[in-house]
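*Asks:* below is the sequence, then the predicted model.
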2 protein chains.
Amino acid sequence: MAAPMDESTLIERLVAIGWKGSRAVLVGPGDDAAVLRGGLVISTDMMVEGVHFDFDWIAPAEVGFRAGAAALSDMAAMGARPGALLVSMAVSGDPVMCEELQRGLRRAGDRVAAPIVGGDVGRSPGPAVVDVVAVGRARAPVLRSGAEPGEDVWVSGELGGAGAAVAAWSAGVRPAPAAKDRFAAPPDRVPLGVALAGLNLARAMIDVSDGLVTDARRIARASGVELRLRQALLPLDPVAGGDLKVALEGGEDYELMFTAPPGTRTRILELGQEMTVRVTRIGSVERGAGVVLEDREGRRIDPGRGGYDHFAAPPGGQAP
Amino acid sequence: MAAPMDESTLIERLVAIGWKGSRAVLVGPGDDAAVLRGGLVISTDMMVEGVHFDFDWIAPAEVGFRAGAAALSDMAAMGARPGALLVSMAVSGDPVMCEELQRGLRRAGDRVAAPIVGGDVGRSPGPAVVDVVAVGRARAPVLRSGAEPGEDVWVSGELGGAGAAVAAWSAGVRPAPAAKDRFAAPPDRVPLGVALAGLNLARAMIDVSDGLVTDARRIARASGVELRLRQALLPLDPVAGGDLKVALEGGEDYELMFTAPPGTRTRILELGQEMTVRVTRIGSVERGAGVVLEDREGRRIDPGRGGYDHFAAPPGGQAP
């Protein structure tokens, strides 16, 4: 057993090994999804029992729904319209569990009219693993690298609800039903993502899956800018009970964070109203690097480590 | 725990739950790969440690190569030209193992100039799981359903080598090096598959991954025909030591089986010579259903159960 390595370093190494550039690929690894020549957008998202979820937390159909919704969230973050899902499962021999997983996946696909067109199933003597591939199309995919100084930073929905559920389960407590629902049923942000891309409003976009701070850092790094977030503006989910840390670091919210020029504020707020999705301006793009969090008095506060590292976690530990 | 179910029944149920038809999908579940409108061909192939392979058998880089080659074999079977791979891994925290897996996958992709454009990685407290998505393009994909009575049945390469290796490992014996190589390094049949499709030679095609008989049954069922195979014509791999059963049922060969009109025999043999791939006529397509095997005297013999069922296997058992 070699020395442990944090997840992002490991991913960087795997990308370096696997990727060598290709004329057939417009966007390679490192964004929410890859983009092939012709506008095909494709991503894969894996969930492991005991690491990303636990069957003591949610039922198999909810696990399936969540896995499907998480995979589709990557399409939303590119402004891509999903066309199909493929599903691979490594599971115990229990066919009822497989079918419930698939029912949940189907429901997530139905929200965006994406059928399950293929997949694979195998017996696993260990934890269940569900890997979902989402395929879609985008005329002008929105990348993480498009943010420019002077733009606003926006986020959809509310933050911290799913993280609050995970925090409760991890502490051995039953979460509030609303928090559990927030974890089990991520929102469908495909219509918002497609509209933000189609109207050329969003210049950089990502889905908040690993925590607001972690995902903001990804936009900052890819765009070569600083993201300055204001604590007072963050739309905390009421079920998170005002817990700033869980909103900043909890992840699992599957909301969209995007940057847009100030001149588009009115149009973005109108779009949110048309789609009945709360959209909130939470900060600004500045020259610099990294993520800065300002408290209500404008003082810089520690934005936290942010994000969960599955590889840094102790073996057997449960966390998102 | 519900009653056990055989793998093909389970897959049929999962397909029925997930698939509802779609105008954006030309070929849905049930073939080697799905085909989306526009000619995009996509499939996913999962391998589970302790079920499909074992690290006591082959090294991580070999597991990766094999997983990549197996996924690309589905492209070959459709006559599709691969464009990209996506790789998801659920693995222990050992970064060296992840990197070796990825190196093997990269080598499999390099054979067909398909870069790894995305993926996911997560810690698994259980067995390693590698799920590989292959994406390609085909102008006229060759399906399992195109076989017609009067056509020949062909197979590429030789049969039983990989199965012989699995049989040896399962018996606690070290396989012959050639058999091990046959298991660890499936052939690249993409050029042959693309040529057979492009020249309109193959009318039905499949890759022999679950055993000749099982895969022949799939063509027979999809095409509504009988496949009559002649024992005397089967190209047994010398490393299988003339073991007919392992050639018929062993699987893991990742060769192409296809049907073609008799008028194309010369062209197919020439193509095999041009590509230095052995191609062998092993039988004929007849009116009827299922698979019939004839011995050297023309008598029907039992073609065997054929194919390995991961769900019917005893828990903890190791097999392909």
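*Replies:* Sure, I can see it.

*Asks:* would you map the strands across the stretch 1-150 of chain A?
*Replies:* Counting by DSSP state E, counting those that start in this stretch, the stretch 1-150 of chain A has strands at residues A:25-27, A:34-36, A:40-48, A:81-91, A:116-123, A:129-137.

*Asks:* again with the stretch 201-320 of chain A
*Replies:* Under the criterion DSSP E, counting those that start in this stretch, strands of the stretch 201-320 of chain A are mapped to A:204-208, A:226-230, A:255-260, A:279-286, A:290-294, A:300-301.

*Asks:* what about those, which gets the closest to chain B?
*Replies:* Closest of the strands of the stretch 201-320 of chain A to chain B is strand A:204-208, at 13.7 Å (criterion: C-beta to the nearest C-beta). All C-beta spots, glycine's among them, are computed from the backbone N, C-alpha and C.

*Asks:* quick one: strands adjacent to the closest one?
*Replies:* Here strand A:204-208 has these sheet partners by DSSP bridges: strand A:255-260 (antiparallel).

*Asks:* just give me the longest helix of chain A.
*Replies:* helix A:60-78 (DSSP state H).

*Asks:* that helix near chain B anywhere?
*Replies:* No: residues of helix A:60-78 contacting chain B under C-beta under 8 Å from any C-beta of the partner chain: none, with a closest distance of 9.2 Å.

*Asks:* stretch A:206-223: which residues count as buried?
*Replies:* Using 16 or more other C-beta atoms under 10 Å in any protein chain shown as the test for burial, stretch A:206-223 gives A:206-223.

*Asks:* spatially central residue for chain A, please.
*Replies:* By C-alpha atoms, centre = their mean, the mean C-alpha position of chain A lies nearest to A:Ser209, the distance being 2.8 Å.

*Asks:* dump the residue contacts of that residue.
*Replies:* Residues near A:Ser209 by C-beta atoms under 8 Å, 6 or more residues apart in numbering or on different chains: A:Ala70, A:Ser73, A:Asp215, A:Gly251, A:Glu252, A:Asp253, A:Tyr254.

*Asks:* read off the pLDDT value for the residue lying closest to the last one once chain neighbours are set aside.
*Replies:* Right, A:Tyr254. Distance criterion C-beta to C-beta, 6 or more residues apart in numbering or on different chains; nearest residue to A:Tyr254, sequence neighbours excluded, is A:Pro186 at 3.7 Å. At A:Pro186, the pLDDT value in this model is 96.

*Asks:* do I have it right that A:Pro186 meets A:Ala70?
*Replies:* Yes: here A:Pro186 reaches A:Ala70: they are 6.2 Å apart, a contact under C-beta atoms under 8 Å.

*Asks:* so what sits against both of these two?
*Replies:* Contact criterion C-beta under 8 Å, 6+ apart; residues shared by A:Pro186 and A:Ala70: A:Tyr254.

*Asks:* and the residue of chain A nearest chain B?
*Replies:* Residue of chain A nearest chain B, by C-beta to the nearest C-beta: A:Gly126 (1.9 Å).

*Asks:* so where do the helices sit in the stretch 101-250 of chain A?
*Replies:* With DSSP state H, counting those that start in this stretch, the ranges of helices along the stretch 101-250 of chain A come out as A:161-170, A:177-184, A:190-198, A:212-223, A:244-249.

*Asks:* could you list the low-pLDDT ranges of chain A?
*Replies:* Within chain A, the stretches with pLDDT under 70 are A:1-4, A:305-320.

*Asks:* give me the domain ranges for it.
*Replies:* Split into domains by automatic domain parsing, chain A comes to A:20-137, A:144-301.

*Asks:* distance to B:Ala195 added to those, as CSV?
*Replies:* CSV is the format used below for the domains of chain A (distance: least, C-beta to C-beta, whole Å):
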stretch, distance to B:Ala195
domain A:20-137, 20
domain A:144-301, 40
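
*Asks:* quick one, which of those is nearest to B:Leu105?
*Replies:* Shortest distance between B:Leu105 and the domains of chain A, using C-beta to C-beta, is found for domain A:20-137: 12.6 Å.

*Asks:* pull the distance from the closest one to the chain's centre.
*Replies:* Centre-to-centre, domain A:20-137 and its host chain are 13 Å apart (C-alpha atoms, centre = their mean, to the nearest Å).
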